[in-house]
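Novice: After the sequence you'll find the predicted model.
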There are 2 protein chains.
Amino acid sequence: MSGAETLYSHIENVLERLLPDPATPPQTLHSAMRYAVMGGGKRYRPRLVHAVGQLFDLPEALLDYPASAVEMIHAYSLIHDDLPAMDDDDERRGRPSCHRAYNEATAILAGDALQSLAFEVMASIPVDPCQPAAILRATRTLAEASGTQGLAGGQQMDLEAVTRSPDIGELTEMHLRKTGALIRASILIPGLLAPGLEPQPLEQLTRFAERLGLAFQIRDDILDATADAGTLGRTPGGDARHGRATFVTILGLGEARNRLSRSLAQCHEALSIFGPEAQPLRALVDDRAE
Amino acid sequence: MSGAETLYSHIENVLERLLPDPATPPQTLHSAMRYAVMGGGKRYRPRLVHAVGQLFDLPEALLDYPASAVEMIHAYSLIHDDLPAMDDDDERRGRPSCHRAYNEATAILAGDALQSLAFEVMASIPVDPCQPAAILRATRTLAEASGTQGLAGGQQMDLEAVTRSPDIGELTEMHLRKTGALIRASILIPGLLAPGLEPQPLEQLTRFAERLGLAFQIRDDILDATADAGTLGRTPGGDARHGRATFVTILGLGEARNRLSRSLAQCHEALSIFGPEAQPLRALVDDRAE
């Protein structure tokens, strides 16, 4: 518990340090980036990076880079998702969303610049003890998770789903991109960076990563349907308000909960080849989703 | 001339090949990315990459990666700059801008996904004959050129300049980011990738890159003030319409032309340490800007 809190503060401090100084120009843009990133996220993805990295004895100072990069990508995607042309959300984590606190143009640019910064940070991972070729592969993995087979593609499918009433297969496909891809990247990147990792643990990690991405989204849909604004940190029922299909609207709350339990069990099963060193990762499986 | 045409078609073909297939989901997003990239740009930045790469005998197949990556970053920035919340331009290169041809949400995501793809392409540069560490350094250079010290920061300063009446120093600073940074990156990246390049040519290249970025923007401002829509490929006088300060509005047309001549002369001077192998690069200095 106190260990988890320490890791949380550590992640916050590293993000603070890597974000551009709001006292240097362009100040408003730097300030908007900081507002969006330092807005009280649960840091689930950076914690995944650290938990997997621990599994392979990677030094914390090395993990700080990919941990920050995945969170910057996450923060950028939230800024853009909230825009009036997208989900048109006025609140995020209990505060005005970035385009409400600043303006639309600044919010678009803050998202854009956070994406650039994420890749700058990835390409800055120290080449010792990592192989530069491994860093390149990890960078590709993050780029794939951000592009049309990941976040951006998932958001596009989500927007189109409002008018198209997707079935459960299409909904799953959409969420594997929109949420699953970055969760998956957060798990795979430290695996790719680990010097001399054998194929078997990497395969097992990939299986785990795919299961967790889906579980994460089902849990998010359940929370959106059941939690109050205080717990959720944003306006609840946003999915229903946008007439959007979710695991809850398609399956019903009971069946969505069943699927979540099954997915979580599969996550634990995928981790069964690891010993007690996977404890922080197991704890994240059972963690309340952001 | 016919050599230049061949390179142009080659750049087009490589971009076509690297863009995601519009027949695979999410089709609309893939189609919007293709619409924006394959819209008849002059490919000035990819041609810079190839011209500098030629200077150091880098193979064309290797240069295809950074050449495509810089063009994808350029295309993404144009999509976002044209958005209603930014410059609100309905036309680009004589056709509807991306958000007019599709919709705002798709245009935002197409830009986002093009940025991700650019970094995926950079991290895919073949490690032979390049050093992986050099590829990482080149990737960082592109990320810096895209972020708050580059494109995104320059666009933010540009938007703020509408209400702030910048002086010539601030205008120069803004354009060094908004336009200069990516021109500079297009020149430096092949230099960074060249195995065993000495510091002196790299320094000279840096000097050249900084001069050309500024010359490029002064020429763009002169064109915006003097050309007709057919020549320009977009609605002319956009700067004046947006009440935006340019080198022409601040210096007057005559003095802007003087500065352009001086900057171009400095570009040629910076290239004087190179022999006839710099001919394609010299031709690009005198090329009509996009």
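Specialist: Received, thanks.
Novice: Tell me where the model's unsure across chain A.
Specialist: Residue ranges of chain A with pLDDT under 70: A:1-5, A:228-242, A:288-290.
Novice: now with 50?
Specialist: Judged by pLDDT under 50, chain A has its weakly predicted residues at A:1-2, A:289-290.
Novice: quick one: the strands in it?
Specialist: A:91-92, A:95-96 (DSSP state E).
Novice: Out of the ones you listed, the one nearest residue A:222 is which?
Specialist: Distance to residue A:222, taken as CB to CB, is lowest for strand A:91-92 among those, at 19.5 Å. Backbone N, C-alpha and C define where each C-beta goes, glycine included.
Novice: among the strands of chain A, which is the most enclosed?
Specialist: Neighbour counts (mean count of other CB atoms under 10 Å in any protein chain shown) averaged over each of those peak at strand A:91-92, with a mean of 20.
Novice: Next up, phi/psi of residue A:166, please.
Specialist: phi -70, psi 150 (degrees, to the nearest 10).
Novice: So it is in contact with residue A:174, correct?
Specialist: Yes - using CB atoms under 8 Å, residue A:166 is in contact with residue A:174, at 6.7 Å.
Novice: Just the buried positions in stretch A:9-19, please.
Specialist: Neighbour counts over stretch A:9-19 (16 or more other CB atoms under 10 Å in any protein chain shown) mark A:10, A:11, A:12, A:14, A:15, A:18, A:19 as buried.
Novice: which one of these is nearest chain B?
Specialist: Closest to chain B out of these is residue A:19 (9.8 Å), distances taken as CB to the nearest CB.
Novice: so how far is residue A:108 from the spatially closest residue to the closest one that is not a sequence neighbour?
Specialist: Ranked by CB to CB, 6 or more residues apart in numbering or on different chains and with sequence neighbours excluded, the top spatial neighbour of residue A:19 is residue A:34, at 5.2 Å. Note on residue A:34: its distance to residue A:108, by CB to CB, to the nearest Å, is 16 Å.
Novice: The two - which one has more neighbours?
Specialist: residue A:108 (28 against 17; other CB atoms under 10 Å in any protein chain shown).
Novice: and that one, what is it in contact with?
Specialist: Taking CB atoms under 8 Å, 6 or more residues apart in numbering or on different chains, we find residue A:108 in contact with A:79, A:80, A:83, A:99, B:80, B:83, B:85, B:86, B:108.
Novice: Contacts only, for the fourth one.
Specialist: Read it as residue A:99. A:79, A:82, A:83, A:84, A:106, A:107, A:108.
Novice: picking that back up, now, which of the buried residues of stretch A:9-19 sits nearest residue B:123?
Specialist: Nearest to residue B:123 among those, with distances taken as CB to CB, is residue A:18, at 19.4 Å.
Novice: okay but that closest one is in contact with residue A:121, surely?
Specialist: Yes - in this structure, residue A:18 is within contact of residue A:121 by CB under 8 Å, at 6.1 Å.
Novice: who touches both of these two?
Specialist: A:68, A:72.
Novice: longest helix anywhere in chain A?
Specialist: Among all segments of chain A classified by DSSP state H, the helix with the greatest residue count is helix A:199-226.
Novice: what comes up buried for it?
Specialist: Result for helix A:199-226 [16+ other CB under 10 Å]: buried residues A:204-205, A:208-225.
Novice: With stretch A:127-142 instead?
Specialist: A:130-142.
Novice: ok so, going back, which neighbours do residue A:166 and residue A:174 share?
Specialist: residue A:157.
Novice: of those two, who's got more company?
Specialist: Set side by side, residue A:166 and residue A:174 show more neighbours around residue A:174, with 25 against 18, by other CB under 10 Å.
Novice: Residue A:243 versus the more buried one, what's the distance?
Specialist: For residue A:174, the distance to residue A:243 - CB to CB - is 15 Å.
Novice: still on that earlier bit, closest to residue B:117 among the buried residues of stretch A:9-19?
Specialist: residue A:18 (23.5 Å).
Novice: got CSV for the strands of chain A, with distance to residue A:62 too?
Specialist: Output for the strands of chain A, formatted as CSV (distance: least, CB to CB, whole Å):
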stretch, distance to residue A:62
strand A:91-92, 30
strand A:95-96, 32
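Novice: Who are the packing partners of the longest helix of chain A?
Specialist: Judged by 3 or more CB pairs under 8 Å, 6 or more residues apart in numbering or on different chains; DSSP states H and E, the packing partners of helix A:199-226 are helix A:168-175, helix A:181-193, helix A:229-232, helix A:238-241, helix A:247-251, helix A:253-270.
Novice: relative to helix A:253-270, how tilted is it?
Specialist: Interaxial angle of helix A:199-226 relative to helix A:253-270 (axes from the mean of the first three to the mean of the last three CA atoms, to 10 degrees): 160 degrees.
Novice: any idea how far residue A:22 lies from residue B:80?
Specialist: As judged by CB to CB, residue A:22 and residue B:80 stand 22 Å apart.
Novice: Among those two, which residue is more densely surrounded?
Specialist: Using other CB under 10 Å as the criterion, residue A:22 and residue B:80 rank with residue B:80 on top: 28 against 16.
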